[in-house]
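Q: can you look at this prediction? I've put the sequence above it.
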2 protein chains.
Amino acid sequence: MKYFTVGPSELYPIVPSKIKQALKDGVLSISHRARIFDELFESTTNNLRTLLSIPKKHSIFFLSSGTEGMERIIQNMAKQKTLHLVNGAFAKKFYQIALQLKKDPLKIEVEYGKSFDWKELSIPRSTELVCVTQNETSTGVAIDLKQIYTLKRKNPKVLFAVDVVSSIPYVTVDYSKIDAVFFSVQKGFGLPAGLGVLIVSPAAISKSLSLEKQYLSTGSYHSFSSLKKNADKYETPETPNILDIYLLNEVVKDMLNKGIDLMRKETEEKAKYIETFVEKSRELSYLAENSEIYSKTVHVLKVNGGAKQLMEHLKKHGFLISSGYGAMKNDYVRIANFPAHTIDNLEKLVDCLSSI
Amino acid sequence: MKYFTVGPSELYPIVPSKIKQALKDGVLSISHRARIFDELFESTTNNLRTLLSIPKKHSIFFLSSGTEGMERIIQNMAKQKTLHLVNGAFAKKFYQIALQLKKDPLKIEVEYGKSFDWKELSIPRSTELVCVTQNETSTGVAIDLKQIYTLKRKNPKVLFAVDVVSSIPYVTVDYSKIDAVFFSVQKGFGLPAGLGVLIVSPAAISKSLSLEKQYLSTGSYHSFSSLKKNADKYETPETPNILDIYLLNEVVKDMLNKGIDLMRKETEEKAKYIETFVEKSRELSYLAENSEIYSKTVHVLKVNGGAKQLMEHLKKHGFLISSGYGAMKNDYVRIANFPAHTIDNLEKLVDCLSSI
């Protein structure tokens, strides 16, 4: 079976052999307080820093999921006032987490399939933190980060947190211009689920410390101060998913060898291939309202004949794709385009789509 | 290398082959929203319920670590007043998490190596939640749960949460008599790290809901209400460590086949073997002050000649054990006795210990 699902998805090609290597080398039994783990932590964060051009001043933390990233950002980066740009289910979840944590969140919401009117968008004066879902996995709408950098330039004292769960490592992020970026590893990195990564700026750390000075809770073992104290000695506060950290390092090393520019170019070529096919199709059309906001990595498509029939047809031919999110389950499908998806398999998938 | 470390530790024997099976079967690519995952969740919790005799009314939640278990218990099971029985570093961590979450915790603390004076121990009237570390991984002191059941009987309205991180599945727990029990899988279950399990009573759920009704935060995606809403449909709020859930199910099935009584008997026999050796040794002695409170699964031993030399000697012969915790690093060692540790390997380890 080939998994074109939006995550968990197809494993990055080297993952099975690296898991077997990890078993041979006893990686699954090493202590998270042993030097060998510290070396793994250091190597993984160094390689990730190189691959994604993360500035030295920014901290890299390991969490357990993308969802945890949302919780820790809300706990540590705002006393009360968060603003959420909502154009899909995951942006809405970010907003709801702020509500559940008893912050005072506002949202600017647009219809699913649309993006924001950047010229009209203004940030209320008291806002401490703006939360953005750069690549909405529920709608397949991507936000051009230049719009976020412009907002940040206009509001330099406001912190910005960006969810790149389903676009990294394709999306190019200028980490120096935003304060928190997070993702999980079971999408673009093609790894088993159970690990999240959170990258924060010095300003994000300062904000968290200022909340602690006001005797406000920033969480416990995964407060930024606890995460940073441990990360500074290449450790995690708790016993983490060591296997996934090991595999992330191996995949990142492989991506460094291949070159991220080539990988991004391939992602764009594969995206173009899907877009061209959909444009000609009578059966399929994008949910996103225009091609400028199409996500390259998550293609959310309306299926005239209904999603179920199409998905069953593909499954018979050895392909799994995702159904539409939530209420869009019956009429939409979602197709992932991650580095683990080869052009060869994508062509076969598209052949299969056109044969229905 | 044989890992007698206190966790991560030796893998349960079937784990390597089951990981390879998972790779073959595409388990690492399945969606956490697919029916196949729901079936895995249902099967794993059913098998765990059978193995550990967990009542039907109790909920089983998947978290990412034992440490997360502490955080979620504190967030959901007390408005303010927690009481912590502290006789080691992990009980102290539980207390500190309550402080960090801005609760109003009290502690009853005894010297490391000692247990509590149960006859004298009284619980302040306003206490909502008592937190107990049944098996202190830092000191090797185990608490007889009968003492906790007695406390609960005397204080029926107080909730009790028990950390069994390093004693499960050896320890027999009467879940009907306590309100929260948690553990991680990289110790007694011999699995890769990155998964925690939390078992809660209906009273624990009610308490969490009552906090929510008072507009108090119980966390977000891992509040008990969110965990329960998802667990009721055999799902998790976030994308979890699916591989570890799969492996937990396989290990639990294997333990069911073997029989938990036999496994517990073997653990006691192996513990006796270590105890008998240490009693005769001039080099080693227990930190725990008397044999009644010795943990069967974590043996914390003072080394007259210093820990480092002993650990290096063992390492040369293919055995890894843990150093003492924190400030006890130089003078103590910790030896695990989990189901994955065979009597055969334990005998070799003890031979090696006596040859120094």
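A: Yes, it's here. Residues are numbered from 1 along each chain as shown, chains lettered A, B, ... in the order given.

Q: so A:Ile335, which of the three states?
A: Classification of A:Ile335 using DSSP: H, G, I helix; E, B strand; the rest coil returns strand.

Q: A:Ile108 and B:Glu347: what is the separation?
A: The spacing between A:Ile108 and B:Glu347, counted by Cβ to Cβ, to the nearest Å, is 68 Å. (Each C-beta comes from the backbone N, C-alpha and C, glycine too.)

Q: the two - which one has more neighbours?
A: Neighbours per residue (other Cβ atoms under 10 Å in any protein chain shown) separate A:Ile108 from B:Glu347, with A:Ile108 holding more: 18 against 13.

Q: the more buried one is in what secondary structure piece?
A: A:Ile108 is part of strand A:104-109 when elements are defined by DSSP states H and E.

Q: ok, that strand: who's next to it in the sheet?
A: strand A:81-86 (parallel) (DSSP bridges).

Q: so for stretch A:15-24, mean pLDDT?
A: Stretch A:15-24 carries an average pLDDT of 98.

Q: go through it and flag the buried ones.
A: Neighbour counts over stretch A:15-24 (16 or more other Cβ atoms under 10 Å in any protein chain shown) mark A:Val15, A:Lys18, A:Ile19, A:Ala22, A:Leu23 as buried.

Q: ok, these vs A:Leu83, which is closest?
A: A:Val15 (37.9 Å; Cβ to Cβ).

Q: quickly note the distance from that closest one to B:Phe183.
A: 28 Å.

Q: which parts of the stretch 51-200 of chain A are strands?
A: Ranges of strands within the stretch 51-200 of chain A are A:59-63, A:81-86, A:104-109, A:129-133, A:135-136, A:141-142, A:159-163, A:180-184, A:196-200, based on DSSP state E, counting those that start in this stretch.

Q: repeat that for the stretch 251-356 of chain A.
A: Assigned by DSSP E, counting those that start in this stretch, the strands in the stretch 251-356 of chain A fall at A:284-286, A:298-303, A:319-320, A:322-323, A:332-336.

Q: right, and those strands - which one's nearest chain B?
A: Proximity to chain B, assessed across the strands of the stretch 251-356 of chain A by Cβ to the nearest Cβ, is greatest for strand A:322-323 (6.9 Å).

Q: would that closest one count as contacting chain B?
A: Yes: on the criterion Cβ under 8 Å from any Cβ of the partner chain, strand A:322-323 is in touch with chain B at A:Ser322.

Q: list the contacts of that strand.
A: Contacts with strand A:322-323, where a contact means Cβ atoms under 8 Å, 6 or more residues apart in numbering or on different chains, come from A:5-6, A:307-308, A:311, A:329-330, A:332-336, B:31.

Q: of those, buried ones?
A: With burial judged by 16+ other Cβ under 10 Å, the buried subset of those is A:Thr5, A:Val6, A:Ala307, A:Met311, A:Tyr332, A:Val333, A:Arg334, A:Ile335, A:Ala336, B:Ser31.

Q: how about the contacts made by the second one?
A: What it means is A:Val6. Contacts of A:Val6 (Cβ under 8 Å, 6+ apart): A:Thr137, A:Ser166, A:Lys187, A:Val298, A:Ser322, A:Arg334, A:Ile335, A:Ala336.

Q: returning to what we had before: with mean pLDDT and distance to B:Asn241 as added columns, please give the strands of the stretch 251-356 of chain A in JSON lines.
A: As requested, the strands of the stretch 251-356 of chain A are arranged in JSON lines below (pLDDT from 0 to 100; distance: least, Cβ to Cβ, whole Å):
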{"stretch": "strand A:284-286", "mean pLDDT": "98", "distance to B:Asn241": "33"}
{"stretch": "strand A:298-303", "mean pLDDT": "98", "distance to B:Asn241": "23"}
{"stretch": "strand A:319-320", "mean pLDDT": "98", "distance to B:Asn241": "21"}
{"stretch": "strand A:322-323", "mean pLDDT": "98", "distance to B:Asn241": "20"}
{"stretch": "strand A:332-336", "mean pLDDT": "98", "distance to B:Asn241": "20"}
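
Q: show the average pLDDT along the helix or strand containing A:Tyr246.
A: Using DSSP H and E, A:Tyr246 maps to helix A:242-258. Averaging pLDDT along helix A:242-258 yields 98.

Q: in that helix, what's buried?
A: So, applying 16+ other Cβ under 10 Å, buried residues of helix A:242-258: A:242-253, A:255.

Q: go on, stretch A:6-13?
A: So for stretch A:6-13, counting by 16+ other Cβ under 10 Å, buried means A:Val6, A:Gly7, A:Pro8, A:Ser9, A:Glu10, A:Leu11, A:Tyr12.

Q: please save the CA atoms from that stretch in CSV.
A: Presented in CSV, the C-alpha positions along stretch A:6-13 are these (Å, rounded to 0.1, in the frame of the first residue of the first chain):
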residue,chain,number,x,y,z
VAL,A,6,-1.9,13.7,5.1
GLY,A,7,-0.1,12.2,8.1
PRO,A,8,0.7,9.7,9.4
SER,A,9,1.8,9.1,5.8
GLU,A,10,4.3,7.2,3.6
LEU,A,11,7.5,6.6,5.6
TYR,A,12,10.6,8.5,4.3
PRO,A,13,12.5,5.8,2.4
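
Q: how distant is it from the center of its chain?
A: 13 Å (Cα atoms, centre = their mean, to the nearest Å).
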